[in-house]
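Enquirer: Sequence and predicted structure, then a few things I'm wondering about:
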Amino acid sequence: MDLTLICSSTIASTAVPTSLFQKMPKRKTDKAYVLDKKKHLARLNISEAGKVLLKRGEGKLEKQFRMNCIGCGLFVCYRAEEDLEAASFIYAVDGALSTVAAETNPQDAPVPPCISQLEGGLVQVAIEVEDRAQRSAITRVNADDVRVTVAAPAARGEANNELLEFMGKVLGLRLSQMTLQRGWNNKSKLLVVEDLSARQVYEKLLEAVQP
């Protein structure tokens, strides 16, 4: 049975696998659907979105070559190999694709991949930080990351301290309920929070966005 996959934020068709999407196996790490190209033919309507490195446990890094929906630019799938033709598997991000379009209200859309539920009830948020800005603010929430500006410089950890204090106010959490980790480059951070679900974090961040 053919099933047209729909990008959750638009009506743009992204892929057409030859087996039912919902019955595909999922990865344990991020719940992404695994499309085996040897078993299924996939026609992808995507654009290349570059390479990222993600932390997976202690000392482990995962390389992802990401692909965006060509209609809306949303990050929808990735592969482990740089060459798309040589890739054995395509991983469709959980929540980025659905069989029906999401409502126009952003709060009705699936939680983006940059906000992920971890084991033990923790939630991880991928953040891109811009220091030496005019004020602390959340300026964007998209599939890849949450963009946050802070006034303090990055030197001596001042920007990190301001980021934690600001995110605590946005999320209604104490400093003891949050942990800040390094991301994949100098501007990226991984914020791990307690006592909130991924959906709650997403909605609080959306409410605080100031473009």
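Expert: Right, received. Where do you want to start?

Enquirer: For residue 117, see how far away residue 202 is.
Expert: Distance of residue 202 to residue 117, given as C-beta to C-beta, to the nearest Å: 11 Å. (C-beta placed from N, C-alpha, C; glycine too.)

Enquirer: More neighbours: which of those two?
Expert: For residue 202 versus residue 117, the count of surrounding residues by other C-beta atoms under 10 Å is larger for residue 202: 23 against 17.

Enquirer: my guess is that one meets residue 115, correct?
Expert: Yes: using C-beta atoms under 8 Å, residue 202 is in contact with residue 115, at 5.2 Å.

Enquirer: what does the model give residue 194 for pLDDT?
Expert: pLDDT, residue 194: 96.

Enquirer: now do residue 1
Expert: The model reports residue 1 with a pLDDT of 34.

Enquirer: can you check residue 61 too?
Expert: Turning to residue 61, the model gives it a pLDDT of 86.

Enquirer: Just give me the neighbour total for residue 163.
Expert: Using other C-beta under 10 Å, residue 163 is surrounded by 23 other residues.

Enquirer: And it, how far from residue 198?
Expert: With C-beta to C-beta as the criterion, residue 163 and residue 198 are 19 Å apart.

Enquirer: Also residue 174?
Expert: Between residue 174 and residue 198 the distance, using C-beta to C-beta, works out to 19 Å.

Enquirer: neighbour-wise, which of these two wins?
Expert: Applying other C-beta under 10 Å to residue 174 and residue 198 shows that residue 198 carries more neighbours, namely 20 against 10.

Enquirer: The chain: strands as residue ranges?
Expert: 5-7, 13-15, 33-36, 46-55, 61-69, 75-79, 89-92, 97-98, 115-117, 123-130, 137-141, 146-149, 178-182, 188-193 (DSSP state E).
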